[in-house]
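Enquirer: When you get a sec, could you give me coordinates for this:
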Amino acid sequence: MGFLKNILGKKEKTATSYAEFWNWFQKNERKFFDVVNQKGDIENVFLNPLSEELKKIKPGFFFLTGMANDNEAELVFTADGNIKNIVNVEELVDAAPKINGWLFTKHKQAGDFSVQMGNYAFDTKNMHFFA
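Expert: From the prediction side, this is the model:
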């Protein structure tokens, strides 16, 4: 049995609660902040590990990140339209501790955008989405 442990390594403790998730996040937050701020390898350093930890709580969390301003990274959690998971997003963000340099947001809010393609401009005034 010791042989298998040496080959496979120790099993990483899984997050079973929001508190455990946030403890894990706090241990890694500086590394996460730096990679978002410097636009480094965000996918491998931040997004993939974050996704794996969130799956340990419950599948169905989606997220996006970026700099809210020069000193604060924003992490937006969303259920991506899955009504059953909206309450989980609410609970997760409500359980978030105050961490300097981080802003945690529930659900992606609508905002202004514009896209220029050749002679065409698309923005919130002339582009609409219908179910």
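
Enquirer: got a list of what Gly60 touches?
Expert: Residues in contact with Gly60 (Cβ atoms under 8 Å, 6 or more residues apart in numbering) are Ala79, Asn82, Lys84, Asn85, Asn88. Every C-beta, even on glycine, is put in place using the N, C-alpha and C of the backbone.

Enquirer: Make sure I have this right: the fourth one is in a helix.
Expert: Yes. Note on Asn85: a helix contains this position according to DSSP: H, G, I helix; E, B strand; the rest coil.

Enquirer: Check which helices and strands the helix ranked longest in the chain sits against.
Expert: Across the chain, the longest stretch assigned as helix under DSSP state H is helix 18-37. Under the contact definition 3 or more Cβ pairs under 8 Å, 6 or more residues apart in numbering; DSSP states H and E, helix 18-37 sits against helix 48-57, strand 62-69, strand 72-78, helix 83-94.

Enquirer: Separate out the buried members of the contacts of Gly60.
Expert: Buried by 16 or more other Cβ atoms under 10 Å: Ala79, Asn85, Asn88, out of the contacts of Gly60.
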